[in-house]
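Asker: got a predicted model here, sequence first, then my questions.
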Amino acid sequence: MQTQNTPPEESASSGPAGEPPAEREVGVGPWQGPWPEGEHWDPRLLTEGDRRNVVDEYRYWKHEAIVADLDARRHEFHVAIENWQHDFNIGTVVRTANAFLAKEVHIIGKKRWNRRGAMVTDKYQHVRHHPSVEEFVAWADDAGVPVLGVDLFPDSVPLETYDLPRRCVLVFGQEGPGLSDEVRAAAQATLSIAQFGSTRSINAGVAAGIAMHAWIRQHAHLT
Ligand SMILES: C[S@@+](CC[C@H](N)C(=O)[O-])C[C@H]1O[C@@H](n2cnc3c(N)ncnc32)[C@H](O)[C@@H]1O
């Protein structure tokens, strides 16, 4: 297997002073040597090279083979974000959910969201839409998934010391209004992330990353 170059969004290469940074090719070129055997290999990628933003383990794999492999080992936590005003953090939430292998991402409210921040990770992540909080809560009840709100309310409990259930859905609010009253009422608990500075809150995408990682620290198998 060949080595993978750094994807552009993660590379910090710069050219000589005054010149734009040099373009780096992402991924790997055409497969060298005899082709490997197996249904998961993608003949087109083996021929042309694989320029996708995927870990080395999945180089040259068919898209559906990667999703099937992820599905077989997804974690038990879900994440949800309210989207009443086209929240620009959703792409970040989807990308982080992909990295931490969340079961599903739930968008509550408007169906459309800005995919740019997701960096194509949404192709490998199950994203489910619920037009209303009521429908989201009905899904959670049916699926037996406890709802945990994440926001800074006076009665929120510190995420840092909370025993997160293995099976849960962590719900995040929007930049302006925060978590809706409906989600707050439906939540088994609301969790706050400790802050120490002057700002009232942190960015919702950052809060989602911290909360997902709290689940990872408590439940993921780290090898
Ligand atoms: C920027 S905040 C909303 C603004 C907030 N209602 C206020 O009074 O400033 C957007 C979302 O980020 C998450 N969030 C931000 N800071 C948080 C914190 N310290 N603890 C828990 N959630 C936080 C919550 O999900 C919240 O609904």
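Answerer: It's in.
Asker: host element of residue 65?
Answerer: helix 63-71 (DSSP states H and E).
Asker: pull out the buried positions in that helix.
Answerer: Within helix 63-71, the residues that count as buried by 16 or more other C-beta atoms under 10 Å are 65-66. Every C-beta, even on glycine, is put in place using the N, C-alpha and C of the backbone.
Asker: now do stretch 30-47
Answerer: 31, 41-42, 45-46.
Asker: tell me if the strand ranked longest in the chain is near the ligand.
Answerer: Taking DSSP state E as the criterion, the chain has its longest strand at strand 77-83. No: counting by C-beta under 6 Å from any ligand atom, the ligand has no neighbours in strand 77-83; the shortest distance is 7.7 Å.
Asker: contacts for that strand, please.
Answerer: Contacts to strand 77-83, defined as C-beta atoms under 8 Å, 6 or more residues apart in numbering, come from residues 87, 89-90, 93, 97, 102-110, 113, 130, 133, 136, 145, 164, 166-174, 179-180, 183, 204, 208, 211-212, 215, 219.
Asker: same check, this time on stretch 31-44
Answerer: Under the contact criterion C-beta under 8 Å, 6+ apart, stretch 31-44 has outside partners 2, 46-47, 50, 60-63, 65, 69.
Asker: 6 Å - rerun?
Answerer: 46, 60-62, 65 (C-beta atoms under 6 Å, 6 or more residues apart in numbering).
Asker: biggest helix in this protein, by residue count?
Answerer: Criterion DSSP state H: the longest helix present in the chain is helix 204-219.
Asker: between it and strand 77-83, how big is the angle?
Answerer: Interaxial angle of helix 204-219 relative to strand 77-83 (axes from the mean of the first three to the mean of the last three C-alpha atoms, to 10 degrees): 170 degrees.
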